[in-house]
Each structure stands twice: as structure tokens, then as C-alpha cells.
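K.L.:
Here is the input, now give the coordinates:
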Amino acid sequence: MSAVPAEIAGIGSTQQKLRVSPGFDPLKAAVGPQEYFVLSRIDGLQTLRDVLLTTGLPVDRAISIVQRLRAIGALLIPGETAAPIAAGPTSPPEARPSPSPSRISGPIPQIQPPATRPPAPAPDAAAPARPVAATASGPIRRVTSPPAAEPADPGPEHDLSLPGATPAELAALREDVALDERIRRRILALARLADGRDPWALLGVPAGAEPRDLKRAYFKLSKEIHPDRYYGQRLGSFTDRLPFVFEAMSRAYARLTSPDRSRGAADAGRAEQPQTPQEYAAELFDRACQLEIGGEHLEAMKLFAAAVRLDPQPRFLRRAASCALAARQPRSAVEYAKKAHTLAPSDPSAARLLAAAFRAAGKLSDAEEVLVMAMALKSENDTLTAELRHDLAEVRRLLAQS
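P.N.:
Residues are numbered from 1 along each chain as shown. As a prediction, this is how the structure comes out:
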């Protein structure tokens, strides 16, 4: 992970505590899933540096998201009461008319369509003769053939046949979602490689590919599976798969293009040995996420537990708690959520997760208490506040029925 810079262009110091602009509507602004997630972390209490480190995204990616949120008026820096209005996007150079004398005052050349083009004038005697070809009816002027079209770029190579597909993969292929079958197969194929052991295969290029080929493959995949492309669409289980695969692909590209990495080990397709317990914990965490997305929640919980033992950071604990809830293991969910809340007591989203764990464990009174305390926390995130208010109302409805 890249180091967090002291300053960010267009925003300033990363020690500032940003706030969400009151009245900002993520739906109207077409905020993507990752952007919405980062937006939910910004509560006016954490510094921007802490927000960037706790999102779980690559730092460069998190910074670009924060810059975009700032550009569309979602974020306020200390002392502001309203976000500055960003200038609209400029047209790409090829779309802007170029000022030229002929366009301003000169005549506009007329282009004849092929069917009405006048016949070619008789050859000038002073001009050199052009090659001709003879036919039965006389000589004709040789016409130069247009250049042959370049073969289409096949793009990154992945085995989309999914040999030995698991029940979870087969179920995903049958889902009624807004993704065609090729895209679904691509995402599932990438998920199989998301553990990072073979970054070349993940990007769909041969081992030792040139930097330009790596870049081409990365950007073709990004265009195809970027989560923002499918914002607001019906995605089913691919709602979680898309950002997971995209982040794994981004890590693989960063690893293969980093100037301080040894290319020898990567060329051999071997994963580097972790140098610290924290690096090993991150590897276990990635593998656990892959299992979770594949529907293997109990197996994922084993790896989450190992990752948390090595490095009990809030991000790992929150994801472990969410997995435990999906696996219907409320006691484990409460344990992880409590630890995450202890490490981030001022984070309303951590409190919300703890309340969900209490609710799953049947501890409605505890859930109500946590939600009331979370509502009392200072937060500039209107969306998160609305979610907490909804959760509190639902818990109180359940308490009234019990």
C-alpha cells in the first residue's frame, strides 16, 4: 500500500477532518459503490488520512475517489459552509472544433459522395504516367487498395469456460442480473485468481509481459468490470464480487509495475513470501474475502479468524463480523463487532454493525442502546444518519412486539 501523502491536490492537508456537504444526494450525483463507501467513512471526526487508511482500498484509488467527491460538491473542508461549484467537464480535444481561417471566413470545401463523384480528369502530359492494368475492355487506372484492417485486440485471456465450476459459481451464472453471461464468466474467472498468487494470470497476460501490454490489459479489464459502470443496476451476488475482483486486479497491476519490486520472482509466477505478520494477515484476509464472495462463509471465517489474530485492525474485524452474520454465527459476529467498535468508538458505522450483530443474537435491548449512542455521535454524513435512524425504528418495533 502506498504511503498517504501530507497534501492532496485540490483538498489540502490530509490531517483535516472533512465533512459531508448537507443536502448532498448520492443518487442524483450518480455516486458509485466504492465512492459511496468512502463517503460513508467521512463523518467530521476522523482525519482524511485515517479515512484513506481505513477504507481498505489502495491509497491511490481512495485519494482519486476523495478528489472526485470533492469535485462534485460532496465534501466540505473545515471552515466551509457550502462546497465550491466545480467547473463542468471539458470536451475531449477531438470533440472540440479547432479554430482555423477556413472555418471562420474561408469557403467550406464541398465533399462529393462516392456515387456522384465526377470522373477523373485526363492525365496531364507533363505528369509521370501511373501504373495501369489491362482488361478485356481496355486499360483502367490502378486503384490503391485500402490498408488492411488491424486484427482486433483479443484483450486479456482468461478461461471463461470455468472448468469444475462450484455450486456458488453455477448459481451466479443462473442469476437474473443486469450482466451478460460473458461479463459474469469474466468476473467469476477473475475471482478464482484474486488471491494474488499469479498476478500475470489475473491480468490475463503471459508471464513477463511488457509494461505496455500490462497497461493495455489492465485498462481493458477496468473498462469492463469497474463497479461504477454498473451503479444502480440489478447485480445480485455480483454486487460484492465486482469491487472485490476490481481491487484484486488493481493490486496485481500495482505489484507488477512497481519499480521497487523484483521482477524475477514475479516472472516465475511465484508469490512473494510475506516479510511481516501484517503482510501475512493481509494475504489471509484477501483469501477469506474470496471464499466469502464464493459463498463459502464458514471456510472464510477460519481465515478471517487467523488474519484477526495476527493483525486485529478495524477493517479486518468489520469484514469478519459481516461474514459471521452471513454465516449465521451471531456470537462470533458480536465478538468481532465489539472489538471493531472498541477500536473506533467514534465511528457510527462500526456502531451500526455492532447493533446488527446484537440484533442477530436476539439482544434487542443492547442493539437499541448502541444505536441510541451512535445517533448521539457527531456526524456530517446525512445518509449514514438516516440508516441509523431506520435501524433504531426497526429495533424498537421488534421490542414492542416482544
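K.L.:
quick one: least confident helix or strand in this protein?
P.N.:
Least confident helix or strand of the chain, by mean pLDDT, DSSP states H and E, is helix 101-104 with a mean of 38.
K.L.:
Count the residues that sit near A74.
P.N.:
By other CB atoms under 10 Å, the residues close to A74 number 24. Quick note: C-beta positions are derived from backbone N, CA and C, even for glycine.
K.L.:
now swap in G232 and tell me
P.N.:
The tally of other residues near G232 (other CB under 10 Å) stands at 11.
K.L.:
residues contacting it?
P.N.:
27, 30 (CB atoms under 8 Å, 6 or more residues apart in numbering).
K.L.:
if I look at it, how far off is P26?
P.N.:
For G232, the distance to P26 equals 10 Å [CB to CB, to the nearest Å].
K.L.:
go on, V66?
P.N.:
From V66 across to P26, the span is 14 Å (CB to CB).
K.L.:
which one of the two has more residues nearby?
P.N.:
Ranked by neighbour count (other CB under 10 Å), V66 and P26 place V66 first, with 26 against 19.
K.L.:
I figured that one was touching P5, is that so?
P.N.:
No - contact criterion CB atoms under 8 Å: V66 and P5 do not qualify, at 11.7 Å.
K.L.:
Go through the helix or strand containing A337 and flag the buried ones.
P.N.:
In this assignment (DSSP states H and E), A337 forms part of helix 330-343. By 16 or more other CB atoms under 10 Å, the buried positions in helix 330-343 come out as 330, 332-341.
K.L.:
just stretch 74-84 next, same as before
P.N.:
In terms of neighbour count (16+ other CB under 10 Å), stretch 74-84 has its buried residues at 74-77, 83.
K.L.:
Out of those residues, which sit inside strands?
P.N.:
Judged by DSSP state E, these include 75-76 as members of strands.
K.L.:
what two of the buried residues of stretch 74-84 have the greatest distance between them?
P.N.:
Spanning the widest gap among the buried residues of stretch 74-84 are A74 and I77, at 11.8 Å by CB to CB.
K.L.:
just for the chain, where's the confidence low?
P.N.:
Regions of the chain meeting the criterion pLDDT under 70 cover residues 1-2, 83-156, 259-275, 379-380.
K.L.:
care to break it down by domain?
P.N.:
According to automatic domain parsing, the chain comprises the domains 7-76, 167-267, 277-401.
K.L.:
After the helix or strand that contains A356, which helix or strand is next?
P.N.:
Assigned by DSSP H and E, A356 falls within helix 348-360. In the C-terminal direction, the helix or strand that comes right after helix 348-360 (DSSP H and E) is helix 364-376.
K.L.:
Touching that next one from outside, list them.
P.N.:
Contacts for helix 364-376 (CB under 8 Å, 6+ apart): 341, 348, 351-352, 354-356, 358-359, 385, 388-389, 391-392, 395-396, 398-399, 402.
K.L.:
what's the spacing between that helix and its chain's center?
P.N.:
32 Å (CA atoms, centre = their mean, to the nearest Å).
K.L.:
quick check: angle from whichever helix or strand comes after it to helix 348-360?
P.N.:
Downstream of helix 364-376, the next assigned helix or strand under DSSP H and E is helix 382-401. Calculated by axes from the mean of the first three to the mean of the last three CA atoms, to 10 degrees, helix 382-401 forms an angle of 20 degrees with helix 348-360.
K.L.:
Tell me the buried residues in helix 382-401?
P.N.:
Of all the residues in helix 382-401, those buried under the rule 16+ other CB under 10 Å are 383-385, 388, 391-392, 395.
K.L.:
for it, packing partners?
P.N.:
Under the contact definition 3 or more CB pairs under 8 Å, 6 or more residues apart in numbering; DSSP states H and E, helix 382-401 sits against helix 33-41, helix 348-360, helix 364-376.
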